[in-house]
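Predicted model, plus sequence, below.
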Amino acid sequence: MKMNSFRYIGPQAWKSMLGNGWMTIAAILTITISLFLFAFFWLILTNMDVNATEIEEDVRVMAYLDFNLSQADYDNIEQQIEWIDGVKNIEFVSKEEGLASLESRFNDTNLLATMEGNNPLPDGFSITAISANYVKSIYDAVLQIDGIYEASYGAGTVEKLFTLTDTLRKVGLAVMGLLAVAAVVLISMAIRLTILARKKEIMVMKWCGATDAFVRLPFFLEGLLIGFLGAILALILEMILYGQAVDYLSTTISFVTVLPLKEIWLNIALFVLSSGLLLGAIGSLIPLSRFLKV
């Protein structure tokens with residue numbers, strides 16, 4: 001294709017967008033809303049994965065030891081735990097450390113004084129798994145070791161948390177898929193109207209020897225422009241609101257990890273812009289293949 005052809009294609013794409021008026025605006029706004037929600041759910045899933053990973057890494061099996069065991073018994077039990085498949089790390093937790101941890105949960109209340117100097121807690125081992133998938137099997141294996149009378153790992157709560165996280169991922173992906181379909185349909189409708197309005201002009205161009213690529217390229221470029229403009233608006237809105245959300249959540253919900261904007265702004269930009277161009281391209285190709293029979 002000659003360079004002079006591009007001098008025609010670019011203005012024609014822009015002219016088509018202006019000619020469609022409200023339909024073009026509706027398509028751009030739909031892309032903006034869709035990509036904003038795209039990025040919104042993507043950010044939720046990204047931050048959720050970070051928090052889920054931290055939770056998985058923090059899930060531990062606590063093995064509580066029988067009273068009146070010797071140091072040799074402790075060493076023997078620790079060695080048996082090390083042999084269990086999936087164990088990453090073992091940490092001895094004395095009853096004094098256990099009581100101190102318990103006191104911190106009750107606003108540093110002096111529980112030892114309340115119990116008249118008698119610490120009823122046992123010694124134990126804090127066991128970290130390679131991944132959350134090994135926690136249940138480690139728990140079952142620990143209970144079989146002589147010298148351990150009890151073990152815990154938050155049974156039920158951990159499974160519910162992981163199930164909730166997985167459900168939210170699936171819901172987010174489903175919503176993103178529906179938004180993508182809506183955006184593609186509206187872009188297709190806008191470009192289809194342009195094709196129908198210029199049907200006679202296209203026929204004349206074909207009779208004069210215009211190639212299929214020359215005829216189709218302005219419409220394809222129009223779809224890319226609609227997707228790009230919608231992506232730019234969505235990106236600006238997303239950056240502003242996410243930055244404010246990070247500042248708010250970091251001061252009000254300190255136990256939740258929220259990725260700062262400066263660490264992921266490039267990923268957001270690449271995700272939104274590439275998604276906008278992709279939706280614009282798909283939205284333009286559908287009417288080109290179905291309605292541009294020239």
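Arrived safely. Numbering: from 1, shown residues only.

All the helices of the stretch 101-250 of the chain, residue numbers only.
Per DSSP state H, counting those that start in this stretch, the stretch 101-250 of the chain carries helices over the ranges 111-114, 135-143, 157-197, 199-207, 212-252.

Could you give me the buried positions within the second one?
The reference is to helix 135-143. Of all the residues in helix 135-143, those buried under the rule 16 or more other CB atoms under 10 Å are 135-136, 138-139, 141-142. Where you see a C-beta, it was placed from the backbone N, CA and C, and this is true even at glycine.

returning to what we had before: tell me which of the helices of the stretch 101-250 of the chain approaches residue 74 most closely.
Proximity to residue 74, assessed across the helices of the stretch 101-250 of the chain by CB to CB, is greatest for helix 135-143 (14.2 Å).

the inter-axis angle of that closest one versus helix 157-197?
Taking axes from the mean of the first three to the mean of the last three CA atoms, to 10 degrees, one finds helix 135-143 and helix 157-197 inclined to each other by 170 degrees.

what's the average pLDDT for helix 135-143?
Averaging pLDDT along helix 135-143 yields 89.

now stretch 285-294
Confidence over stretch 285-294 (mean pLDDT, whole number) is 60.

Please tell me how far the closest residue to residue 179 other than its chain neighbours sits from residue 222.
With sequence-adjacent residues excluded and distances taken as CB to CB, 6 or more residues apart in numbering, residue 179 is closest to residue 34, at 4.1 Å. Distance, residue 34 to residue 222, by CB to CB, to the nearest Å: 18 Å.

Identify the residues contacting residue 151.
Under the criterion of CB atoms under 8 Å, 6 or more residues apart in numbering, the contact list for residue 151 reads 61-64, 139, 142-143.

ok so, going back, which one of the buried residues of helix 135-143 is nearest residue 261?
Out of those, the member with the shortest distance to residue 261 (by CB to CB) is residue 135, at 33.7 Å.

mind checking how far the closest one is from residue 151?
Separation of residue 135 from residue 151 (CB to CB): 11 Å.

what sits in contact with each of those two?
Among the neighbours of residue 135, those also in contact with residue 151 (CB under 8 Å, 6+ apart) are residue 61.

which sections of the stretch 51-200 of the chain are below the confidence cut-off?
Counting by pLDDT under 70, the low-confidence segments of the stretch 51-200 of the chain come to 53, 55-58, 98-99, 101-120, 154-159, 161-162, 190-191, 193-200.
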